[in-house]
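**Q** Task: produce atomic coordinates for the following.
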Amino acid sequence: MHGSYWSSGSLADWQTFSTAINHIRRIDNDIFPLQLERNQSAALRDIHRIAHRQFPWQSYRHGNVVRYWRILSEMSLSEGLREITGLTTAQIMRLALLIFGHFSEHPYLALNIDLSQINIDSAAASKFLRSISLPIGPLHAAILAAQKYDLDWLYAFNPMVDTPFIYWEGAPSDFLQCPLPALALNRMSERLHFDLLRAGTHGEAIGKAFEAYIFDYASRVLPRDRFAVSPEARYRVGKQQKHGVDVIIDDADAAVFVECKTKRLSVPGKFAADGVRLEGEIDALGGMIARHYSNVLDALGGKTSWQQRECKTFMLLVTLDDWRMFGIHSPSMVADAVKKSLIAKGMPETLWDQMPCMLISAEDFEIVTEIVSKVGLAKFFDKFSTPEFRGWPARGLLLPLKDRTRPPRLNGLR
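**A** Got it, this is the predicted structure:
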């Protein structure tokens with residue numbers, strides 16, 4: 001940001017790189033005690049902020065690309081992207097993988113590149129890439145506008161999340177630089193759904209496509225001779241028509257009721273130091289979970305097409321984006337919000353403890369489904385839904401199981 005155009009130093013040099021990182025850590029370490037002087041609970045709240053700052057860089061980004069490819073390939077969404085970008089979902093995903101591979105090895109990309117071999121119009125691709133790039137001057141200005149000089153300084157929004165390319169004019173072709181190829185991959189997959197939402201007409205279609213993705217994933221991974229996967233089935237309670245649970249998974253011993261939500265935690269909800277926005281968004285999440293309880297109680301009460309039977313019952317709320325309710329502070333806020341919403345809807349708050357609803361991301365649901373296909377619903381969810389593990393980040397429990405290296409706490413799963 002403040003560097004000159006030419007320099008003898010380089011972050012490729014270990015000494016230079018380590019000096020820069022240690023400087024950033026020193027500033028962070030100097031600021032945090034000032035935050036504690038204002039509010040002792042800030043330490044617990046900061047765990048939530050740290051998780052959202054660090055964990056996304058540890059996620060399996062290639063898996064995100066495939067997931068969004070499947071979701072956004074729904075016909076109306078792909079057509080919506082074509083109207084906005086000039087490219088269909090499949091074309092954007094092919095371009096994203098090409099771009100990621102190119103910038104992993106090369107510093108520049110000419111915008112006059114021939115893409116006919118992968119069935120992409122080069123002019124349309126160039127126009128789209130130009131739309132998510134900025135020249136160096138405007139990029140400097142955008143970063144300056146986003147900078148923070150307070151407790152949020154390390155959590156300021158990076159404009160390159162939305163415009164990951166630096167645009168340069170040149171001959172015989174204009175060209176792009178991409179300092180962080182991972183941001184380009186994210187912008188051309190996960191963040192496409194923001195383009196659709198800004199168009200103002202695709203919110204419901206994204207939700208339906210996500211439900212279809214979760215149903216399809218479970219149907220394909222879980223063996224049909226041992227599991228039944230049912231989609232949403234509308235029903236009536238008196239004169240009121242209700243949409244019902246999005247997906248129900250049954251095996252011989254248990255039933256799992258799955259609700260799918262595309263609502264994301266906002267940037268202030270993830271990072272703001274005061275936690276006010278986070279509290280409001282968790283209250284909204286509590287309302288969603290309470291509505292899920294209402295639908296599940298209807299199913300258990302014989303008001304839907306689901307066949308009642310004696311079995312263990314579990315609940316999941318699967319979010320497209322990972323809310324990362326990590327640590328002690330955030331999960332306790334979720335519990336309070338759910339109980340408040342249950343009471344407001346005339347249901348006992350004890351439901352939260354008697355039949356806990358687990359909040360997991362789509363990525364975690366994929367891992368859960370793979371494990372359940374081997375061990376069954378009851379063996380997995382009996383362990384995962386206990387108070388001992390509630391509030392734990394799901395991926396930390398699931399990846400050792402997926403890799404067949406079970407930690408001692410989960411040895412009961414065979």
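
**Q** Got the phi and psi for the nearest residue to residue 356 once chain neighbours are set aside?
**A** Nearest residue to residue 356, sequence neighbours excluded (C-beta to C-beta, 6 or more residues apart in numbering): residue 385, at 5.3 Å. C-beta coordinates here come from the backbone N, C-alpha and C atoms, glycine included. Main-chain torsions, residue 385, degrees, to the nearest 10: phi -90, psi 0.

**Q** can you tell me which residues contact residue 385?
**A** Residues in contact with residue 385, defined by C-beta atoms under 8 Å, 6 or more residues apart in numbering, are 314, 356, 358.

**Q** Residue 252 now?
**A** By C-beta under 8 Å, 6+ apart, the neighbours of residue 252 are 226, 376.

**Q** Show me the strands in the stretch 1-150 of the chain, by range?
**A** Taking DSSP state E, counting those that start in this stretch as the test, the strands found in the stretch 1-150 of the chain are 108-110, 133-135.

**Q** pLDDT (mean, whole number) over stretch 307-320?
**A** For stretch 307-320, mean pLDDT rounds to 94.

**Q** Tell me how many other residues surround residue 294.
**A** For residue 294, the count of nearby residues is 15 (other C-beta atoms under 10 Å).

**Q** That one: helix or strand, and which one exactly?
**A** helix 276-300 (DSSP states H and E).

**Q** for the spatially most central residue of the chain, phi and psi?
**A** With distances taken as C-alpha atoms, centre = their mean, residue 321 lies nearest the centre of the chain, 2.0 Å away. Per-residue torsions, residue 321: phi -100, psi 150 (degrees, to the nearest 10).

**Q** Surely it touches residue 269?
**A** No: the criterion here is C-beta atoms under 8 Å, and residue 321 misses it with residue 269 at 11.1 Å.

**Q** residues in contact with residue 27?
**A** Here residue 27 is in contact with 153, 154 (C-beta under 8 Å, 6+ apart).

**Q** And stretch 186-205, how far out from the chain middle?
**A** In terms of C-alpha atoms, centre = their mean, to the nearest Å, the gap separating the centre of stretch 186-205 from the centre of its chain is 14 Å.

**Q** list the buried ones in it?
**A** Under the neighbour-count criterion of 16 or more other C-beta atoms under 10 Å, stretch 186-205 has 186, 187, 188, 189, 190, 192, 193, 195, 196, 202, 205 buried.

**Q** want to throw these into TSV with secondary structure and pLDDT?
**A** As requested, the buried residues of stretch 186-205 are arranged in TSV below (DSSP: H, G, I helix; E, B strand; the rest coil; pLDDT from 0 to 100):
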residue	secondary structure	pLDDT
186	helix	93
187	helix	95
188	coil	95
189	coil	94
190	coil	92
192	helix	95
193	helix	91
195	helix	94
196	helix	94
202	coil	90
205	helix	94
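
**Q** ok, the nearest residue to residue 323 once chain neighbours are set aside to residue 324 distance?
**A** Counting by C-beta to C-beta, 6+ apart, residue 323 lies nearest to residue 265, which is 5.1 Å off, once chain neighbours are set aside. Residue 265 sits at a distance of 8 Å from residue 324 (criterion: C-beta to C-beta, to the nearest Å).
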